[in-house]
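**Student:** Starting from these lines, generate the structure:
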Amino acid sequence: MDRAYRIVIEILPRFLKEPWIREVEIPENYSLHEIHLYIQNLIGFDNDHMYDFYGSINGFKQLIHYSDEELFEFIVEDFEEIELKDVFPLKRRRMNLYYLFDYGDSWIFAFRRPRRIKMIDEVIYPSIIRSVGANPEQYVYEP
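**Tutor:** Below is the predicted model:
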């Protein structure tokens, strides 16, 4: 039987004036790279920067690294091989998975309350269950 994770994805509050939250159902065999592409499509960003996934309690101090590469020597192949089911459950209590996009602007997305569910044949996955807030502008240019 196929399984998915129901996950609440939100941008850390320090980056936005209003909350951006998406509750989604993602197949457990989705790779971290596929999740990166899904979020880029979901938020409407240009997918023009490097990214990372890591485990942390507060989103800033990285406690679990999912890539063996040094910062700025990043290769996509690491994240193409790691599936969501390989990440959850996280090893430490109160820890969340985080997705960092663009090392300059540092968009940080938290994956909260992951819960395994049975996939339903009639549903197309990944799917959005709940949506809060408008998509932010990727680049804000102020004169």
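
**Student:** Can you pull out the low-pLDDT segments for the protein?
**Tutor:** 1, 15, 65-76, 141-143 (pLDDT under 70).

**Student:** quick one, longest helix in it?
**Tutor:** The residue-count maximum for a helix in the chain (DSSP state H) belongs to helix 32-43.

**Student:** can you map out the helices along the chain?
**Tutor:** Going by DSSP H, the chain shows helices at 32-43, 77-81, 84-87.

**Student:** Can you tell me which of the ones you listed is nearest to residue 102?
**Tutor:** Residue 102 lies closest, by Cβ to Cβ, to one member of the helices of the chain: helix 32-43, at 10.7 Å. Quick note: C-beta positions are derived from backbone N, CA and C, even for glycine.

**Student:** about what we covered before: quick one, which of the helices of the chain gets closest to residue 123.
**Tutor:** helix 32-43 (15.1 Å).
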